[in-house]
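# Sequence and predicted structure, then a few things I'm wondering about:
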Amino acid sequence: MSSTVSYAQGQALQVLSFEVGAQTYCVPVSAVREIRGVTPPTPLPEAPPYVRGVINLRGQVMPVIDLSWRLGKGAAQDGARQVIIVVENQNDVAGLLVDAVCDSFTVEAEHINAPPPLGDGEDSPLVSAVITSGEGDMTVLLAVSRILPERQVALAA
């Protein structure tokens, strides 16, 4: 499994699309380890509000991120189609709680656009690119490396 979750400009990219609220987002397929059903996470004290808690995935404890909350849309509402998309970035693994998975498809390079600057000339830190289609639809490509919680380095006692 590749740990590279970014894309090289000028190259096609295979993505997995999913819904969060009424909007469709995607991540590179190279960042996706698996898609699994929702498992109730164990809450952690003092975790960021978008971290629902942790689950045990075959012996590996990983955080579950409420992607709706992380994207500034408020807490996700429980639904029958909700799933956890397990993503990885280098040595970090996390589950993204999404409303539904849509599709996996390849995007040609000419349809991958840099995100527009927001406010003071800065890009959205969670957006890697905006994907356009021939029908005028747009899908936001999320930056997996920036969605995952920052790893705190534990000090040896």
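Done, it's in. Residues are numbered from 1 along each chain as shown.

# Got the confidence number for Glu150?
With respect to pLDDT, Glu150 scores 66.

# Repeat that for Leu57.
91.

# Against Glu88, how distant is it?
Computed as C-beta to C-beta, to the nearest Å, the Leu57 to Glu88 distance reads 11 Å. For every residue, glycine as well, the C-beta is placed using N, CA and C.

# who's Val140 bridged to?
According to DSSP bridges, the residues that bridge with Val140 are Tyr25, Val130.

# In contact with it, which residues?
Contacts of Val140 were listed using C-beta atoms under 8 Å, 6 or more residues apart in numbering, and they are Gln23, Thr24, Tyr25, Cys26, Pro115, Val127, Ala129, Val130, Ile131.

# and of these, the nearest to Ala100?
Taking C-beta to C-beta as the measure, Ala100 sits nearest to Thr24 out of the contacts of Val140, at 9.7 Å.

# Whichever helix or strand Leu97 is part of: partners in the sheet, and parallel or antiparallel?
Counting by DSSP states H and E, the element that carries Leu97 is strand 92-98. Each strand that strand 92-98 pairs with, and the sense of that pairing, follows from DSSP bridges: strand 60-66 (parallel), strand 83-89 (antiparallel).
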